[in-house]
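Colleague: No letters, just coordinates:
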């Protein structure tokens, strides 16, 4: 005997999470196209680590393995982390980050649904603080004229740290567009001149901007399938655009145009895949607006005035902290108690 | 075109209504026995008025309404009362309740009955007739209709007739409206008269075009003025009274507020029909339309005598062998019946025969991922994910802060939950716990009051004892001549603190006041004892002497009690 309702929609947690993974495909495909297949290696490493850690923690916590291993949430953590860090990096980098995310940020807080912080972003934060050097070696996109490694050579580097004779890591990799912008501004160059440099594309960085468009396509799929709602992406991107526009209009020499902020770094990944994580975001639409606007403001501040090249991850973590407070202050009024009959 | 309003949330579940609307309402045969619960309505249980072995006639009252909020219960057909006892009833608690079992004689013999013309009858009598006819809300709430037909303080503008029938599978109102539209509207006129309502709005979900057409036809045929049939969008739970009122009028009736305070009253269409039969023909509520659907050969609506065992009803529809449960009501808010032996009640709008294939057991629940799909569909605009969290951790204060009691248990949240958490179950649990605790608190309060009063009484008695002892000694000393012996009596009569004290309340403040009064009274008594000349001790009438003796006797007894309870007090202190 169980109680009503006796029917439910067929939607499951596992299905929702699977849709998020599917939505990452276009971005990953474009990533492979522009930067080579090394990202697939780190995604595979992250997936294996995520599932292994998940299984181990479930075992330790005496939780059933099957329903939780098949809920796909660990894979999302792994994939998001792999996409947030350089793909040409020693194998242990992504393993350490994923393991920390799953073990500490997720399971030590009570597992699925109970983690106040986005596990992938925690993993990213740990890595960028502990291994800043490794976190700067981003593969140059195709067509920059640098040396390009074959897949076998990339694999060899990832697992044994050996580069083909004659090449150095510096020749193979480049700073990110956001990093370059920051450094060059520091050296006194105006924004216009900096953006003439070869690593910049039309909107953001060469290659990176296309990956960002891939994430937008995936985000559209998530919106259409109602896995996420429009409030967080729209508010986040809108606010980021507005702040960047104000600075850019006031001083175009020192502040880059808003579209650049949209299409470089992890802004699009954040807007559709990270800030929309339901577990660490507010429930009411009003709360989501505050949360996303705050995240956009922090992203901009960290990018423009902070010490780190990108601010998406730290903005996510800082806003995660605020969620209980935001929720407390944005409780929607219940039916019939909004004042006024009509 | 009337402007309609929206309510927040709602879900579109598969309606499954077509199965049971292909054939007209059928008469369900008189069963082998009727199990009629005496508590089929909101309020006090009806009191049985028949004896075991008594022959009853169709329409005879077998349970009379008790108290203000109650309703009568009748014999649905003629026969013999075979038992009046506790039996399992159609209620989610699964607890037994008092039922009258009748073995029908098959004659279906009516008790003499007659109706009135509602236009010529005082409202008080109309309401009395509704109560005596056992008319209650047939939409599922079973609230006594007479109690809803007042309009003394609040001027009611709109009478809403609820024909929305938003729950999947249920079609009893649909068929009733198709077949008996004219009488439903007559009933609506009776209710409009009782409420002094200006307009009647009939809300029907737009997935019932035949019913809408039939009702519209009836409005036109009988030239009902200011009565409108309105097709409302099909959206569960649009048939909830508050949701329908919102859609039709834009008015939001908050939890704990009566819609009449906002100028609206709402009745189900079937209630209107029954009210018409009760007033005009004097026919009490003896049967209702029940949809039998789900895992059956012939899904259909039946007019079923109240008390008909569910097992005997579903057999007529051809319940299939793999049926593993009977759901009373719809799949969203229905009750998993504890047994097929329970009788159909006034609340039984539908019986869904459930097979494991149609209604598989719930999947194991996953943790809440705070996706807030539940909040998106909640018609009460609550935050179900927070309520769940608080209810789960027994944080009942917080559940109330988050408006738990505004929850109408429509089940929309649990329906959409991707983690398949039985959310409504958690809310019911929290509500029950809170009610239980309130009850316990009241009981504790009462116990505390009793205890404090007892403490006070013991103290008072001790003091009186001491006081009297002192007075006696004093009197013995002061009044050597035997003539003075009755003195203390006189003093006591004038100023016995007992007389005033017994009336007193038992709070601490009162107790300290009391102490002052006792002291004052003692002082006064002493003064009087010292000053008074024994003026009333000579030449006492026999009557006075008898009185004195009586007082003495009472006092002796009282002392004995006091000392006894004093000892008792020590031993019983826990």
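Modeller: Nice, I can see it. From a predicted model like this one, the values you see are computed outputs, not experimental measurements.
Colleague: CA atoms for contacts and neighbours, from now on please.
Modeller: Fine.
Colleague: is it true that residue B:61 touches residue B:71?
Modeller: No: between residue B:61 and residue B:71 there is no contact under CA atoms under 8 Å: 10.5 Å.
Colleague: And the two? Which one has more around it.
Modeller: It is residue B:71, of residue B:61 and residue B:71, that has more neighbours when counted by other CA atoms under 10 Å in any protein chain shown, with 33 against 23.
Colleague: Test for you: state the pLDDT assigned to that one.
Modeller: As predicted, residue B:71 sits at a pLDDT of 94.
Colleague: interface residues of the stretch 51-200 of chain B facing chain A?
Modeller: By CA under 8 Å from any CA of the partner chain, the residues of the stretch 51-200 of chain B that approach chain A are residue B:92.
Colleague: Per the annotation, how does chain A divide into domains?
Modeller: A:11-174, A:191-328 (automatic domain parsing).
Colleague: Check chain B too.
Modeller: Annotated domains of chain B cover B:18-353, B:438-572 [automatic domain parsing].
Colleague: Now do the end-to-end distance for the longest one.
Modeller: In this case it means domain B:18-353. Taking CA to CA, to the nearest Å as the measure, domain B:18-353 stretches 16 Å from start to finish.
Colleague: where does it sit relative to the chain's centre, distance-wise?
Modeller: The chain centroid and the centroid of domain B:18-353 are separated by 17 Å under CA atoms, centre = their mean, to the nearest Å.
Colleague: returning to that earlier point: now, of the domains of chain B, which is deepest in the fold?
Modeller: domain B:18-353 (a mean of 21; mean count of other CA atoms under 10 Å in any protein chain shown).
Colleague: What residues sit buried inside stretch A:31-47?
Modeller: For stretch A:31-47, a neighbour-count test (16 or more other CA atoms under 10 Å in any protein chain shown) marks A:31-32, A:34-47 as buried.
Colleague: Just the ones in helices from these, please.
Modeller: A:31-32, A:34-35, A:38-47 (DSSP state H).
Colleague: biggest separation within the residues you listed, which pair?
Modeller: Farthest pair in those (CA to CA) is A:34 and A:47. Separation: 22.1 Å.
Colleague: could you point out which element follows the helix or strand of chain A with the lowest mean pLDDT?
Modeller: Every helix and strand of chain A was ranked by mean pLDDT, DSSP states H and E. The lowest is helix A:169-172, at a mean of 76. Next along the chain after helix A:169-172, taking DSSP states H and E as the criterion, comes strand A:173-174.
Colleague: Show me which residues of chain A are close to chain B?
Modeller: Within chain A, the positions lying close to chain B (CA under 8 Å from any CA) are A:1-13, A:67, A:112-114, A:278-279, A:283, A:332-337, A:341-342.
Colleague: Enumerate the positions of the least confident helix or strand of chain A that are buried.
Modeller: The neighbour-count check on helix A:169-172 (16+ other CA under 10 Å) flags residue A:172 as buried.
Colleague: And the contacts of that helix?
Modeller: Outside of helix A:169-172, the residues within contact range by CA atoms under 8 Å, 6 or more residues apart in numbering or on different chains are A:137, A:139-140, A:146-149, A:163.
Colleague: one more time with 6 Å, if that's ok
Modeller: Contact partners of helix A:169-172, identified using CA atoms under 6 Å, 6 or more residues apart in numbering or on different chains, comprise residue A:147.
Colleague: chain center to it: distance?
Modeller: 25 Å.
Colleague: what do you get for stretch A:65-74?
Modeller: How far stretch A:65-74 lies from its chain's middle: 21 Å, per CA atoms, centre = their mean.
Colleague: For the stretch 51-200 of chain A, give me the ranges with low pLDDT.
Modeller: Low-confidence segments of the stretch 51-200 of chain A (pLDDT under 70): A:145-146.
Colleague: Return the nearest residue of it with respect to chain B.
Modeller: Closest residue of the stretch 51-200 of chain A to chain B, CA to the nearest CA: residue A:113 (4.4 Å).
Colleague: how deep is the residue nearest to that residue when sequence neighbours are not counted tucked in, by neighbour count?
Modeller: Leaving aside its sequence neighbours, residue A:113 sits nearest to residue B:369 (CA to CA, 6 or more residues apart in numbering or on different chains; 4.4 Å). Residue B:369: 19 surrounding residues under other CA under 10 Å.
Colleague: hang on, residue B:369 packs against residue A:114?
Modeller: No: the criterion here is CA atoms under 6 Å, and residue B:369 misses it with residue A:114 at 7.8 Å.
Colleague: Quick check: residue B:281 vs residue B:59, distance?
Modeller: The gap separating residue B:281 from residue B:59 is 12 Å, by CA to CA.
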